[in-house]
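Enquirer: just a sequence and a predicted model for now, questions to come.
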Amino acid sequence: MKTLIIEDEKAAARNLKNLLAQNAPDLEIIGVLEGIGDTIEWFRNNDMPKLIFLDIHLSDGSSFEIFDHIKITCPIIFTTAYDEYALKAFKVNSVDYLLKPIRADDIIKALDKLKLLSDSDKKAGTGNVKEWDIQSLMQTLRSHGNYRTHFLVPAKGDKLIPLDVSTVLYFYIIDGTVYAVNAEQEKIIIPHTLDEVCASLNPVQFFRVNRQYVIARKSIKELTVWFTGRLAVNLIIPTEEKVIISRQKVTDFKEWFVGGISKI
């Protein structure tokens, strides 16, 4: 069975490949992709695989952005390191998932479930595993409002100080460290990856404009049309470098800004 892995963490991709080699030798890994852009490009130039392992949050954004450009008709096994509310959504929509760190028995159970679904469809006369209703899945994900309201951030000694998310104007990453910035221009170290931060925020209030910045709606002072169809965002608290929205994200950003839902 031709299988595609979409995973931006090299160690996680290696672990998944090793587990599949040991526990599902009939799967043929035909590629390992790391981001949204190269995944879209791959699908435009290759036939649909029989199975996809897909990480929910990639380095350049949410993997659900892929479905805005490509119609994927094969079964998908999602992988995630967090988001309890997302796991509930996957169950509702009958889409399987693997919770990181992935173990051998997780692989076996997921593939057993896939076989049962396939056999069921064949008995029903379709001959194919059903097409997953990705749009329904996305709506269910966004309807679960279990968003983070506070972070616990380390302070001097062994203390942990609560940070109210509503006070944050933007998050950004530099040299591998994630910071939150508030209206007092305080820079607070957040002990999570930017992907983890994105996954926990209310998408109505926050938008990931690029790989480095996640901004709150209330932090925006003005927008400037930039080169090649991009936008520059000027925030009420100055940033260390100009915040640029790529041309590919401008439409989503505008929809979010006027009242839509963020695709962070």
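Expert: Nice, I can see it.
Enquirer: quick one: low-confidence parts of the stretch 51-200 of the chain?
Expert: Applying pLDDT under 70 to the stretch 51-200 of the chain flags residues 61, 82-95, 120-146.
Enquirer: now the strands: where do they sit in it?
Expert: Taking DSSP state E, counting those that start in this stretch, the strands of the stretch 51-200 of the chain run over residues 51-55, 57-58, 61-62, 76-80, 97-99, 150-154, 160-164, 168-174, 177-182, 187-190.
Enquirer: count of neighbours near the residue nearest to Ile190 when sequence neighbours are not counted?
Expert: Once flanking residues are discounted, Ile190 sits nearest to Val178: 4.4 Å by C-beta to C-beta, 6 or more residues apart in numbering. From N, CA and C alone the C-beta is placed, and that goes for glycine too. The number of residues packed near Val178 is 21, by other C-beta atoms under 10 Å.
Enquirer: what do you get for the one 10 residues further on?
Expert: Ile188 has 18 neighbours, counted by other C-beta under 10 Å.
Enquirer: that one and Leu163 touch, don't they?
Expert: Yes - the pair Ile188 and Leu163 qualifies as a contact (C-beta atoms under 8 Å) at a distance of 5.9 Å.
Enquirer: shared neighbours of the two, anything?
Expert: Common contact partners of Ile188 and Leu163 (C-beta atoms under 8 Å, 6 or more residues apart in numbering): 153, 180.
Enquirer: list the contacts of the closest residue to Asp55 other than its chain neighbours.
Expert: Nearest residue to Asp55 in three dimensions, chain neighbours excluded: Glu7, at 4.6 Å (C-beta to C-beta, 6+ apart). Going by C-beta under 8 Å, 6+ apart, Glu7 touches 13, 16, 32-34, 53, 55, 79.
Enquirer: among those residues, which one sits closest to Ala110?
Expert: Nearest to Ala110 among the contacts of Glu7, counting by C-beta to C-beta, is Phe53 at 9.0 Å.
Enquirer: bridge partners for that closest one, pull those for me.
Expert: Under DSSP bridges, the beta-bridge partners of Phe53 are Ile5, Ile77.
Enquirer: so it touches Cys74, yeah?
Expert: No - the criterion here is C-beta under 8 Å, and Phe53 misses it with Cys74 at 11.2 Å.
Enquirer: these two: which has the busier surroundings?
Expert: Phe53 (24 against 17).
Enquirer: gap between that one and Phe43?
Expert: Here Phe53 is placed at a distance of 15 Å from Phe43 (C-beta to C-beta, to the nearest Å).
Enquirer: can you give me the helices in the protein?
Expert: For the chain, the helices defined by DSSP state H occupy 10-23, 36-45, 84-92, 104-123, 134-143, 194-200, 247-257.
Enquirer: and of the ones you listed, who's closest to Ile215?
Expert: Evaluated with C-beta to C-beta, the helices of the chain place helix 247-257 nearest to Ile215, the distance being 9.6 Å.
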